[in-house]
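> okay, sequence plus prediction incoming.
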Amino acid sequence: MKTTTLGNTTRDVSAIGFGAMHFSLANRPPEAQSLDVLHRVLDLGVTFIDTADAYCRDETDKHHNERIVHKALATYPGDTSRVVVATKGGCMRPGGSWTSNGNPDHLRRTIRESHAALGGDRPISLWQHHAPDPNYPVKVSLEPVREAVREGLIRFVGVSNYSVEQIKRAREVVEVVSVQNQYSPWRRRPEHNGVLAYCEEEGLTFLPWSPLGGSDRAKRLGQIDVLAKLAREKDISPQRLVIAWLMARSPCLLPIPGSSRRANAEDLLAAVDVSLSREEVQRIDNAVSG
């Protein structure tokens, strides 16, 4: 597995990560299947796994995904000492919906709950503020995060769904190494709002969520003529092609595709070995609208 550096740290991680969210939502697979897929991902050399306290069915199920990830690492027969588990906090799941909660008391509590769910024996590798809450200034929400870094509960900090100005405000409170925003061939906002360029300039890792444009779109990628044709030329799936397109967009990008199926996970992670020329990247650009 190729590696890259996490933001402006000295920590090396796999050049492509894995998103574990699918193991914990309403249509979650059996736990044995989740553990099998995560073990296979580790076999393939992945050392960056993305999770969140809110990857669950609802508020009664909080931290489910973190516990699954921890169990996979604890039961894996190989070395997991270099694996970075990136979790998030700051979202609530009332009735299965998604809402932001930037209340510092809530964040202070959920950081400790995440720390415990991930084993409680070492700092959280990367804790990310899931989304800004308009009811609380960024600096107020992130004060408990700064406290947790000082206490040794968190090693590195990232932000998610942030604008450039919000990232700058966050960096006045705590050192930020990564940004996780939505980005795919169909959701190109980071290219237009300056976030991607800012990450490149400042040496921050950009983690694109929903890299295939959502589960429904992901199933239909083969219906897009240009993607289907180029995938056939390279003898790969359209899904793997899109992940390779992301990696070709910027050196700061670290895709975190996910799947609850072993074969799909293997296919997506193999994008790390796919090279695209500028002309091929342009063909994909021209085939979709952002």
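Received the coordinates, thanks.

> least trustworthy helix or strand in the protein by mean pLDDT?
With mean pLDDT, DSSP states H and E as the measure, the helix or strand of the chain carrying the lowest mean pLDDT is helix 215-219 (a mean of 80).

> with only the CA atoms kept, save the next helix or strand after that helix in CSV.
On the C-terminal side of helix 215-219, the closest following helix or strand by DSSP states H and E is helix 225-234. What follows is the C-alpha trace of helix 225-234 in CSV, where atoms were taken according to Å, rounded to 0.1, in the frame of the first residue of the first chain:
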residue,chain,number,x,y,z
ASP,A,225,-20.9,6.4,-21.0
VAL,A,226,-17.6,8.1,-20.6
LEU,A,227,-17.0,6.4,-17.2
ALA,A,228,-18.0,3.0,-18.5
LYS,A,229,-15.8,3.3,-21.6
LEU,A,230,-12.7,4.5,-19.7
ALA,A,231,-13.2,1.8,-17.1
ARG,A,232,-13.4,-0.8,-19.8
GLU,A,233,-10.2,0.5,-21.3
LYS,A,234,-8.4,0.1,-18.0
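
> please work out the average pLDDT along helix 225-234.
Averaging pLDDT along helix 225-234 yields 91.

> give the other helices and strands that it contacts.
With contacts defined as 3 or more C-beta pairs under 8 Å, 6 or more residues apart in numbering; DSSP states H and E, the packing partners of helix 225-234 are helix 238-249, helix 278-287. (Glycine included, C-beta is placed from N, CA and C.)

> and the least confident helix or strand of the chain, which residues are buried?
If you call a residue buried by 16 or more other C-beta atoms under 10 Å, then helix 215-219 has these buried ones: 217-218.

> got a list of contacts for that helix?
186, 212, 239 (C-beta atoms under 8 Å, 6 or more residues apart in numbering).

> let me see the contact set for the residue lying farthest from the centre of the chain.
Seen from the C-alpha centroid of the chain, the residue lying at the greatest distance (C-alpha atoms, centre = their mean) is E233, 29.2 Å away. With C-beta under 8 Å, 6+ apart as the criterion, no residue contacts E233.

> same deal with the one 3 residues further on?
By C-beta under 8 Å, 6+ apart, the residues touching I236 are 244, 267, 270, 274.

> can you pull the buried residues of stretch 270-278?
270-272, 274, 276.

> what's in contact with the helix or strand containing A170?
For A170, the element it lies in under DSSP H and E is helix 164-171. In this structure, residues lying in contact with helix 164-171 by C-beta under 8 Å, 6+ apart are 129, 132, 137-139, 142, 159, 162, 176, 179, 193-195, 198, 204.
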